[in-house]
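Participant: Predicted model and sequence follow; I will ask about them next.
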Amino acid sequence: MASSDVAVSLENVHKTYRLAEPVYALDGVSLEVPRGSYTAIMGPSGSGKSTLMNLVGCLDTPTEGVVVVDGRDVTALDGSERTALRGEQVGFVFQTFNLMPRLSALENVALPQLFLGVGRAERRERARELLERVGLGDRTDHLPNELSGGQRQRVALARALVNDPALVLADEPSGNLDTETEADVLDLFAEFHDAGTTMVVVTHERHVAERAERIVHLLDGRIERIEELEGVGEPARPDPASGSRPGSAVEPKGADSDDKTRAEDEHE
Ligand SMILES: Nc1ncnc2c1ncn2[C@@H]1O[C@H](COP(=O)(O)OP(=O)(O)OP(=O)(O)O)[C@@H](O)[C@H]1O
């Protein structure tokens, strides 16, 4: 695959947490995530899913191996360069990404646009639009603690999508949502995917994973297998020149934490 068709690539990535006993959270993972593809990551608890997402999202660096995001070797970047790359490219839907408690739903969603230099009126309009899309058009002025858990999660989702990131990373995005809201969230993911966004979703739920084009199964820090799903969605942007379609395959090929927060420590 041409490198420009690859959103994220991992080459022989190891992540070892050095405790009294070392923990080999990732143990030689190689993976290409094509631009515009929709990938689900599944695996038992402790198999390395969140560790993998943190590396793909430039929140962390591997102990060994190479992680390339949008053509840039993450391991060669310093902390602030990684933060910048993350801000430009990645939208996180992580449960650990809490909302700012003193900002309204609308202000929380508007916040990431501040760092792209978008004007206030436009920020608020876009935030309102996103909140409407996640079914919270009537909750824009609520503070996070005036919302239910599922509503807070939808605000976090709107915030993750507001800058129209090239890559969306979601860790258990529908964890505490009721069936109807989950369906709305997954429809929204499908919409973003249809518009060309690269989606990577960690889930324990088979029916959530089946909305993707392929499922990467992790076991003990390794890729156990990659399952290509039949009949999912339409071919993603056929490339008449090569006859190949970007997004048609995730190919298996073969630490030190920095700041873990994004908008959390920044204020409007
Ligand atoms: N910061 C850390 N320090 C030490 N060990 C860690 C750390 N983070 C994760 N681990 C260990 O690394 C392994 C992989 O963890 P990870 O969170 O990636 O698993 P997971 O597949 O996301 O699990 P779950 O489904 O339970 O969220 C686990 O054995 C975990 O205990």
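Facilitator: That came through, no problem. What you see is a predicted model; the values in this text were computed from it and never measured. Residues are numbered from 1 along each chain as shown.

Participant: all contacts plus neighbour counts: C-alpha atoms, from now on.
Facilitator: Will do.

Participant: quick one: residue 124 and residue 105 touch, right?
Facilitator: No: the pair formed by residue 124 and residue 105 falls short of the contact definition of CA atoms under 8 Å, at 10.6 Å.

Participant: so where do the helices sit in this structure?
Facilitator: 49-56, 79-89, 105-114, 120-133, 149-161, 179-194, 206-209 (DSSP state H).

Participant: now do the same end-to-end measure for stretch 13-26.
Facilitator: Length of stretch 13-26, first residue to last, CA to CA, to the nearest Å: 7 Å.

Participant: Please list the residues of the stretch 51-200 of the chain that sit near the ligand.
Facilitator: residue 51 (CA under 6 Å from any ligand atom).

Participant: In the protein, where is pLDDT below threshold?
Facilitator: 1, 3, 95-97, 231-268 (pLDDT under 70).

Participant: Quick one: the strands in it, in order.
Facilitator: Counting by DSSP state E, the chain has strands at residues 6-18, 22-34, 38-42, 60-61, 64-69, 72-73, 90-93, 167-171, 198-202, 214-219, 222-228, 251-252, 256-257.

Participant: Run the angle between the fifth one and strand 22-34 for me.
Facilitator: Put plainly, it is strand 64-69. Interaxial angle, strand 64-69 versus strand 22-34 (axes from the mean of the first three to the mean of the last three CA atoms, to 10 degrees): 30 degrees.

Participant: Mind listing the strands strand 64-69 pairs with, and their directions?
Facilitator: strand 6-18 (antiparallel), strand 72-73 (antiparallel) (DSSP bridges).

Participant: Could I get the buried residue list for the first one?
Facilitator: Across strand 6-18, burial judged by 16 or more other CA atoms under 10 Å covers 6-16.

Participant: May I have the beta-bridge partners of residue 170?
Facilitator: When assigned by DSSP bridges, residue 170 has beta-bridge partners residue 93, residue 201.

Participant: Let me see the contact set for it.
Facilitator: 92-94, 199-202 (CA atoms under 8 Å, 6 or more residues apart in numbering).

Participant: can we see that at 7 Å?
Facilitator: 92-94, 200-202 (CA atoms under 7 Å, 6 or more residues apart in numbering).

Participant: how deep is the nearest residue to residue 82 once chain neighbours are set aside tucked in, by neighbour count?
Facilitator: Nearest in space to residue 82, with sequence neighbours left out and distances taken as CA to CA, 6 or more residues apart in numbering, is residue 58 at 5.9 Å. Neighbourhood size, residue 58 [other CA atoms under 10 Å]: 29.

Participant: what do you get for residue 50?
Facilitator: 18.

Participant: quick one on the thing from earlier: so which of the helices of the chain gets nearest residue 169?
Facilitator: Nearest to residue 169 among these is helix 49-56; the distance by CA to CA comes to 7.1 Å.

Participant: what sits up against that closest one?
Facilitator: 8, 25, 41, 60-62, 202.

Participant: Closest one of the residues you listed to residue 195?
Facilitator: Nearest to residue 195 among the contacts of helix 49-56 is residue 8, at 18.1 Å by CA to CA.

Participant: what's the residue nearest the centre of the chain in contact with, if anything?
Facilitator: Most central in the chain under CA atoms, centre = their mean is residue 169, positioned 0.6 Å from the mean C-alpha point. Residues counted as contacts of residue 169 (CA under 7 Å, 6+ apart) are 91-93, 199-201.

Participant: Which members of these are classed as buried?
Facilitator: Here, 16+ other CA under 10 Å leaves 91-93, 199-201 buried among these.

Participant: so which of those comes closest to residue 47?
Facilitator: After measuring the buried ones among the contacts of residue 169 against residue 47 - CA to CA - the closest member comes out as residue 201, at 14.9 Å.

Participant: That closest one and the ligand, how far apart?
Facilitator: 12 Å (CA to the nearest ligand atom, to the nearest Å).

Participant: Please name the nearest non-neighbouring residue to residue 66.
Facilitator: residue 11 (5.1 Å).

Participant: Contact partners for that neighbour?
Facilitator: 29-31, 65-67.

Participant: can you pull the contacts of residue 197?
Facilitator: By CA under 7 Å, 6+ apart, residue 197 lies in contact with 36, 166-167.
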